[in-house]
Structures are given as C-alpha cells and as structure tokens.
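Trainee: Take this sequence and fold it.
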Amino acid sequence: MPDWSPDNSFIINYVAYHHYRSHGWCIRNGVKFGVDYLLYRRGPPFSHAEFGVIVVPIYSDESKNQLIRKDWSWSSGVNRVVGGVKKVLVLCYVEVPDCIDKWHTVEELLKKYKVRELVLRRWIPSRNR
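Mentor: Numbering: from 1, shown residues only. Below is the predicted model of the structure:
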C-alpha cells in the first residue's frame, strides 16, 4: 500500500474524475481550452463538450488556500475562453482531508474527500436580455 500524502495532485484529480464519471459523464482532457477536464454527455464523436472543469483543492488550513487562490483576471480569462467555445465553466472544489490514516481500497480513499461544484456563466448583455 503506497504512502501518499492527502494533497497528492494525482489523487485530487482522480477524485474529481471519479465524481463526474460516477454521474455518467464522458471525460476528456481539457488543456486545449485551459481547463482540467471537458465533460461530454455521450462522447466526442456524438456531440461537443458542454462543460469545462477546473479542479481546485481546498484545505482546512487557510494558509495553504492562500497559495492556490487565483485573481479575478485569471478567472475572467478562463471564463472568456470557455465561453467563446460555448462551454460552461465549472469550478470543482475538492476538500482535502488533513491526513489519510489507513485505507485498503480505492473506495475507502475516495470517501475521505468531498467534492463541491460551482458553475460560472459569462453574462453577455446582447445575449441575455
């Protein structure tokens, strides 16, 4: 059994991947649009992605959260790119536990993390009257 720290980026991204996969989404890499994942209803051959997902780890220690905070210009830029290709931006917050004691299966590991989502839509006055 590997001894990983709870804020291992692979684990955090897998928690988000597993969350969306368990809800029936087809997931692909979203680096082309500046996001972590793209969510498809059925898959790329059938339709375009509806959502772009950015995975954001959240810690109980506020000093660690300050290190990962982004400013409004970053958020505006990503939202503009994602909105320009007709996708909705989703911020996927993964709550990282303080420590991972013992786990024997992946299911036990995944239960220690919590996922929250925030949907951001760009408001365009000419389209939203």
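
Trainee: Mind listing the residues bridging to Arg116?
Mentor: Going by DSSP bridges, Arg116 is paired in beta bridges with Tyr93.

Trainee: Enumerate every residue touching it.
Mentor: Arg116 is in contact with Ile58, Cys92, Tyr93, Glu95, counting by Cβ atoms under 8 Å, 6 or more residues apart in numbering. For the C-beta atoms, the positions are set from N, CA and C on the backbone; glycine is no exception.

Trainee: all strands of this structure, in order?
Mentor: With strands called from DSSP state E, the chain shows them at 26-29, 37-40, 51-58, 88-95, 114-120.

Trainee: Mind putting those into CSV with mean pLDDT?
Mentor: Converted to CSV, the strands of the chain look like this (pLDDT from 0 to 100):
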stretch, mean pLDDT
strand 26-29, 95
strand 37-40, 96
strand 51-58, 93
strand 88-95, 93
strand 114-120, 92
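
Trainee: so which of those strands gets nearest Ser5?
Mentor: The closest of the strands of the chain to Ser5 is strand 51-58. By Cβ to Cβ, the value is 11.7 Å.

Trainee: Parallel or antiparallel, which strands does that closest one pair with?
Mentor: Strand 51-58 sits in its sheet next to strand 37-40 (antiparallel), strand 88-95 (parallel), going by DSSP bridges.

Trainee: circling back to that earlier point, so which of the contacts of Arg116 is the most crowded?
Mentor: Cys92 (24 neighbours; other Cβ atoms under 10 Å).

Trainee: list the contacts for that one?
Mentor: Residues near Cys92 by Cβ under 8 Å, 6+ apart: Ala16, His19, Tyr20, Asp36, Val53, Ile54, Val55, Val56, Val115, Arg116, Glu117.

Trainee: does the third one really touch Arg41, like I thought?
Mentor: By that I understand Tyr20. No. Using Cβ atoms under 8 Å, Tyr20 makes no contact with Arg41, being 11.6 Å away.
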